[in-house]
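**Student:** Pasted the sequence and its predicted model underneath.
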Amino acid sequence: MKNNELEIKDELQEKSLFEGSLGRRSFLQFAGASAAGMALVAAGCKKDRNFPAMNGTTLDFKDDFGVLNYAYALEQLEAAFYIKVASAPPSSFTTAQKAYFQDIQFHEVAHREFFKNALSTAAIGSLEVDFSSIDFTSATSVLGAAMAFEDLGVAAYNGAGVRIKTDAYLVLAGKIVSVEARHAAYVRDIISNGSFADLNSMTALGANNAGGLDGALTPDKVLAIAGKYIKTKINVINL
């Protein structure tokens, strides 16, 4: 099969996944978020981003759109990872684990599509990912990567919240990060039963177990870590 045929097949598979399976398992009620989403689309269409000429894609943190595109970039990464896992899970995964990872896949696709549709013409392009360091046939490798992605995602949202100026967007970010934290707790519990609330191993992400606080990282630190899995060059300005 030619490369372009493979790309078309993948796009159709994702479209079917989003429009079909997501409807049965969606936690994000898109109708409930429509007011904020429509406001974001309207503002996005009027925005003239005028990015300087650079290779790759640019995240401009001068306003809320930069933060939302930052979240969109991270959701693209997570969605791509879980789509790959759900399509061919490690053979040692239990039936329950396969089902749960499918559910997480639907959540991440919902996050990605929400930001893409809401940002409209202000959205960055699709990122090219690199998962060559992950052995998708190994449950240990997949679970380790999932834990890293979820912990980083939580720290990313927590660290970016202070940059959001619009209350409606901050509420949406809070709803999404709480779901990411559920994912992180579930994955951690699979790796080591009962460890779902243990923050000791996340001190590098700013977690404080004694204070019961999850981690928070600034966008530059998050992107430096996530860069291992992203081929597309991401330029950051006005951070």
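**Tutor:** In hand now; what should we look at?

**Student:** Quick check: Leu172 vs Tyr157, distance?
**Tutor:** In this structure, Leu172 and Tyr157 are separated by 10 Å, where distance is defined by C-beta to C-beta, to the nearest Å. Where C-beta positions appear, they are placed from N, C-alpha and C, glycine not excepted.

**Student:** With neighbour numbers in mind, choose between these two.
**Tutor:** Legend: neighbour count by other C-beta atoms under 10 Å for Leu172 and Tyr157, higher for Tyr157 (25 against 22).

**Student:** does that one really touch Val179, like I thought?
**Tutor:** No: contact status for Tyr157 versus Val179: not in contact, 10.1 Å apart, counting by C-beta atoms under 8 Å.

**Student:** mind checking which helix or strand the most centrally placed residue in the chain is in?
**Tutor:** Among the residues of the chain, the one closest to the centroid is Glu75, at 2.2 Å (C-alpha atoms, centre = their mean). According to DSSP states H and E, Glu75 maps onto helix 64-87.

**Student:** If you count contacts, what does the following helix or strand past that helix end up packed against?
**Tutor:** Sequence-wise, the next helix or strand beyond helix 64-87 is helix 95-119, with elements assigned using DSSP H and E. When contacts are defined as 3 or more C-beta pairs under 8 Å, 6 or more residues apart in numbering; DSSP states H and E, helix 95-119 sits against helix 22-25, helix 34-46, helix 64-87, helix 167-191.

**Student:** helices or strands next to the last one in the packing?
**Tutor:** Based on contacts counted as 3+ C-beta pairs under 8 Å, 6+ apart, the elements that helix 167-191 packs against are helix 34-46, helix 64-87, helix 95-119, helix 139-160.

**Student:** ok, back up a step: so how far is Ala139 from the residue nearest to the centre of the chain?
**Tutor:** 24 Å.

**Student:** same deal with Leu68?
**Tutor:** Summarising the geometry, the distance separating Leu68 from Ala139, computed by C-beta to C-beta, is 34 Å.
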